[in-house]
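# Attaching a predicted model along with its sequence, questions to come.
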Amino acid sequence: MTDIGDAPLWIFDVDNTLVRDIEHPTAFEDALALVETLRVRGRNVAVLTNVGRLSARQVRRVLHDAGFVFYESSIFTAGAAAAAYIHNRMPGARCFLISEGGARDDFVARGLQVTNNPPVDFVAVGADRGMTFQELNFAAKMVSRGAKLICISGSRAYPGVYLGHEDTYIGELSIVRAIEDATGATATIVGKPLPGIFIETARSLGVEPAEAVMVGDNRDSDIAGARAAGMTTVLVQRDPHNIVEFDSRGMDTTPDIVVNDLRELIDRL
Ligand SMILES: [Mg+2]
């Protein structure tokens, strides 16, 4: 564990850490204060979010409107991580995408072919509250014909606002489970807490994971994955009702530091 005062890179979760959630983007004052202090003191600040329904550009805009300054190149989403995962295995792969739209931009930016027609190399599933039976059925058909199944992030359910309705919505993992059940295939889940995406985030900013600090509200996604990747982990205790359910896959979920207010960390810089 590196001394947080010396860490050159700080990575922040978004939902329930920087803002209440991406659809209620009210900033937490303590997060604004810490991120601004880090910037003024020359630390690199980045974002790693499991949101796959918005592109990096869209996430940056939401955070900007909430008062946070991040470069688009420092915003890492599960959608972009899934696109990188597929690109690394099959550049230019033909992909059928279930998603609310944001992930499409990340896939196209990686040079993948997003298509609604066979043949399909990968079926990638993100949260999608407008998904039709036809799309679900086509996805299952493509997987049964040999397409690899990718889950973008891995929530079973999440709180949000859709078409003006405040509710809890079925997450991408639950959609993927239906496809697995129909086909007998097993999906690869790309997103937190997969340690690889923490490692890739740090290295793409020129920092080894051991020198980075991860700040998040979720033990099972932020803390488990970052700890396994070798980062120093900070758990900020927010509203427990806003913590999205994830599977830590048996990893250690113990944070190095626990705070109730992120301003507690400013004195240690
Ligand atoms: Mg969170």
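Happy to help now that I have it. Residues are numbered from 1 along each chain as shown.

# going forward, measure contacts between C-alpha atoms and count neighbours the same way
Will do.

# lowest-pLDDT helix or strand in the chain?
strand 157-162 (a mean of 88; mean pLDDT, DSSP states H and E).

# That one near the ion anywhere?
No - applying Cα under 5 Å from the ion, one finds strand 157-162 separated from the ion by no less than 10.7 Å.

# got the CA positions of the helix or strand following that strand in CSV?
Sequence-wise, the next helix or strand downstream of strand 157-162 (DSSP states H and E) is strand 165-170. The C-alpha trace of strand 165-170 is given here as CSV (Å, rounded to 0.1, in the frame of the first residue of the first chain):
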residue,chain,number,x,y,z
HIS,A,165,-40.1,7.2,-13.8
GLU,A,166,-38.0,6.7,-10.6
ASP,A,167,-37.6,3.0,-10.0
THR,A,168,-35.3,0.0,-9.6
TYR,A,169,-34.5,-1.6,-13.0
ILE,A,170,-33.4,-5.0,-14.0
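
# any residues touching the following helix or strand past strand 165-170, and which ones?
Next helix or strand after strand 165-170 toward the C-terminus (DSSP H and E): helix 172-183. By Cα atoms under 8 Å, 6 or more residues apart in numbering, the residues outside helix 172-183 that reach it are 125-128, 136, 139-140, 143-144, 151-157, 185-187.

# For the stretch 51-200 of the chain, which segments are assigned as strands?
Using DSSP state E, counting those that start in this stretch, the strands of the stretch 51-200 of the chain run over 75-77, 94-98, 113-114, 122-125, 148-152, 157-162, 165-170, 188-190.

# Out of the ones you listed, which gets nearest to Met231?
For Met231, the closest of these is strand 75-77, at 16.4 Å, according to Cα to Cα.

# What about the contacts of helix 172-183, which are in helices?
Assigned to helices by DSSP state H, the following of the contacts of helix 172-183 qualify: 136, 139-140, 143-144.

# which one of those residues has the most neighbours?
Ala139 (26 neighbours; other Cα atoms under 10 Å).

# Tally up the residues packed near the closest residue to it other than its chain neighbours, please.
Once flanking residues are discounted, Ala139 sits nearest to Val123: 6.3 Å by Cα to Cα, 6 or more residues apart in numbering. Residues near Val123, counting by other Cα under 10 Å, number 25.
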